[in-house]
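>>> Here's a sequence, model it:
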Amino acid sequence: MAANNADVAKLPFERAIEELESIVKRLEEGKVPLEESVAIYERGEVLKKRCEDLLRQAEARVEKITLDAAGKPTGTTRLDVE
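Down below sits the predicted model:
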């Protein structure tokens with residue numbers, strides 16, 4: 001299964017979330033054979049991790065606007081990411 005999931009590392013966020021939503025829908029319908037359900041669930045886990053990683057990277061790049069005492073923008077600072 002790892003070989004089938006190798007492509008996930010290259011997926012953009014939008015494509016990964018789209019595929020993950022498709023997997024969730026198929027599993028919720030309950031019409032997928034057990035063995036296939038397990039396989040697509042595992043792929044869903046890999047897709048979920050990819051989406052989380054991409055969101056974490058995006059958050060690290062977001063800048064916070066700083067304001068002066070009068071509420072006017074004075075610049076930006078990096079967002080603190082834990």
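>>> C-alpha only now, for contacts and for neighbours.
Will do.
>>> What is the neighbour count of the nearest residue to residue 32 once chain neighbours are set aside?
With C-alpha to C-alpha, 6 or more residues apart in numbering as the criterion, residue 32 has its nearest non-adjacent residue at 7.0 Å, and that residue is residue 26. Counted with other C-alpha atoms under 10 Å, the neighbours of residue 26 add up to 15.
>>> buried residues in the helix or strand hosting residue 26?
Assigned by DSSP states H and E, residue 26 belongs to helix 13-29. Neighbour counts using 16 or more other C-alpha atoms under 10 Å place 13, 16, 17, 19, 20, 23, 27 of helix 13-29 among the buried residues.
>>> and which of those is nearest to residue 65?
residue 13 (25.1 Å; C-alpha to C-alpha).
>>> show me what contacts that closest one?
Contacts for residue 13 (C-alpha atoms under 8 Å, 6 or more residues apart in numbering) come out as 50, 51, 54.
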